[in-house]
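Undergrad: Take a look and give me a structure for this.
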Amino acid sequence: MNVYDLHCDTISAIWEGRKEGKDLFLSASSLQVDLEKMKKGDYQLQTFAIFLDKENTEDCFAAAKEMIELFKKELEVNQDKIAQVYSYADIQKNREEGRISALLSLEEGTIFEKSSRHLQWLYDQGARIATLTWNHENDLGYPNHQGNPFKDHPWSWGDERGLKEKGIRSLEQMESLGMIPDVSHLSDGGFWDVAKYYKKPFLATHSNARGAAPEAARNLTDDMIRALAERGGILGLNYCVSFVRKDWRPGQPGASMEELIRQIRYIVNVGGEECLGLGSDFDGIEEAPEMEDAGGMEKLAEAMEKAGISYRLTEKIFWKNADRFLWENLG
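TA: So this is what the prediction gives:
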């Protein structure tokens, strides 16, 4: 079963690990995503996020440049197995040549908030998807931020504050460039601002349904899922247990197949069969899900079959919905 994954933090994990003296490479590593695991999992496309925490980063644009340089060097070393894509035609070419497609995304608007030239440069480097926030307020807008509405629970309820003026301007530039906004870390107000100001389909690359896991405010409400689907967008199923499990609390084991399938059924019931893809959040997950890593995707496909989910729908979720979205929106 082919796999298109809309989000992982692998490049940032390699970058951070090397700063700590660890020997981490895209070819093979202890991480949840590497080329050996992707080959085992039958991956056709992986979106690699340039992720950073602005509260612990002195110069976010400079750090992002370093990560992008690392990303491109790792692809060059492994060019017979994987290649960066800038357009849908590149995905087709890689498929024909038997290579995995690597799509670059940005996970923190602080990377480009200081200058429109930075956003242009990042687009030129191949960034085609971007969040406007991560977990902290920045000059562009507000996230569904960290708080403590429950004892020992890290997520707040949805924040109604949306995009700031600079965030709306950045969104307009993204639309002009052909860069797709990712609402997975935006506040509830920010989601609706993207829906208002961005006229094309957009993504929630690694979010689930709040109706099935109510404590996780980073999940989308039913109204948000419907709005995303009506626009032709895709929600990427996040495997992180705190986004999957109802009544989750810290310290619990990772997400089970049964819980992932519960999310799948819920999202499809609300938004339809065309709106759901995969957005693992691998290498950003502390408690590994039951399939463990990118090499275990067949376990999810088998669990879906046993649960009575059709092969046709499984194909849509695993890759066909994302492929359609990229064909329509990547240029």
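Undergrad: CA atoms for contacts and neighbours, from now on please.
TA: Noted.
Undergrad: What segments of the chain are strands?
TA: Taking DSSP state E to define them, one finds strands in the chain at 3-8, 43-51, 82-84, 100-107, 127-131, 180-182, 203-204, 234-237, 276-278.
Undergrad: To Ser27, which of these lies closest?
TA: Closest to Ser27 of the strands of the chain is strand 82-84 (CA to CA; 9.9 Å).
Undergrad: quick one: strands adjacent to the closest one?
TA: strand 100-107 (parallel) (DSSP bridges).
Undergrad: Now do the strand it pairs with and strand 127-131, the angle between them.
TA: Orientation check (axes from the mean of the first three to the mean of the last three CA atoms, to 10 degrees): strand 100-107 against strand 127-131 gives 40 degrees.
Undergrad: and Ile309, how many neighbours does it have?
TA: 16 (other CA atoms under 10 Å).
Undergrad: Could I get the contacting residues of it?
TA: Ile309 makes no contacts at all, as judged by CA atoms under 8 Å, 6 or more residues apart in numbering.
Undergrad: now it: how far from Tyr266?
TA: From Ile309 across to Tyr266, the span is 13 Å (CA to CA, to the nearest Å).
Undergrad: And Pro214, by the same measure?
TA: 13 Å.
Undergrad: cool, and Lys166?
TA: Distance from Lys166 to Tyr266, by CA to CA: 35 Å.
Undergrad: Show the model's pLDDT score for the nearest residue to Ser30 once chain neighbours are set aside.
TA: Excluding its sequence neighbours, the residue lying closest to Ser30 (CA to CA, 6 or more residues apart in numbering) is Leu24, at 7.7 Å. pLDDT recorded at Leu24 is 97.
Undergrad: residues touching Leu24, list them.
TA: 14, 17-18, 30.
Undergrad: Most neighbours among the residues you listed, which one is it?
TA: Ile14 leads these on contacts (other CA under 10 Å) with 22 neighbours.
Undergrad: give me every residue that touches it.
TA: Residues near Ile14 by CA under 8 Å, 6+ apart: 24-26.
Undergrad: Quick one: residues in contact with the helix or strand of the chain with the lowest mean pLDDT.
TA: Every helix and strand in the chain was compared by mean pLDDT, DSSP states H and E; the lowest is helix 241-244, with a mean of 93. Contact with helix 241-244 is made by 207-209, 212-213, 216, 218-219, 238, 248-249, 253-255, 259-260, 263, 287, 289, as judged by CA under 8 Å, 6+ apart.
Undergrad: Of those residues, select the buried ones using a PyMOL command.
TA: This is how PyMOL selects the buried members of the contacts of helix 241-244, with burial counted by 16 or more other CA atoms under 10 Å:
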select buried, resi 207+208+209+212+213+216+218+219+238+248+249+254+255+259+260+263+287+289
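Undergrad: Just the ones in helices from the contacts of helix 241-244, please.
TA: Judged by DSSP state H, the contacts of helix 241-244 include 259-260, 263 as members of helices.
Undergrad: follow-up on the earlier one: tabulate the contacts of Leu24 (CSV), appending pLDDT.
TA: Below are the contacts of Leu24 laid out as CSV (pLDDT from 0 to 100):
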residue, pLDDT
Ile14, 98
Gly17, 97
Arg18, 97
Ser30, 96
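Undergrad: which one among the residues you listed gets closest to Ser115?
TA: For these, the residue nearest Ser115 by CA to CA is Ile14; the value is 27.1 Å.
Undergrad: how close does that closest one sit to Gln32?
TA: Using CA to CA, we find Ile14 at a distance of 11 Å from Gln32.
Undergrad: circling back: okay, Lys166 and Tyr266: which has more neighbours?
TA: More crowded of Lys166 and Tyr266, by other CA under 10 Å: Tyr266, with 18 against 15.
Undergrad: Name the nearest residue to that one, sequence neighbours excluded.
TA: Nearest one to Tyr266, counting by CA to CA, 6+ apart, is Ala212 at 6.9 Å.
Undergrad: Report the contact partners of that neighbour.
TA: 244-246, 262-263, 266.
Undergrad: Same list (these) but as CSV, adding distance to Glu66.
TA: Below are the contacts of Ala212 laid out as CSV (distance: CA to CA, whole Å):
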residue, distance to Glu66
Val244, 33
Arg245, 35
Lys246, 38
Arg262, 39
Gln263, 36
Tyr266, 39
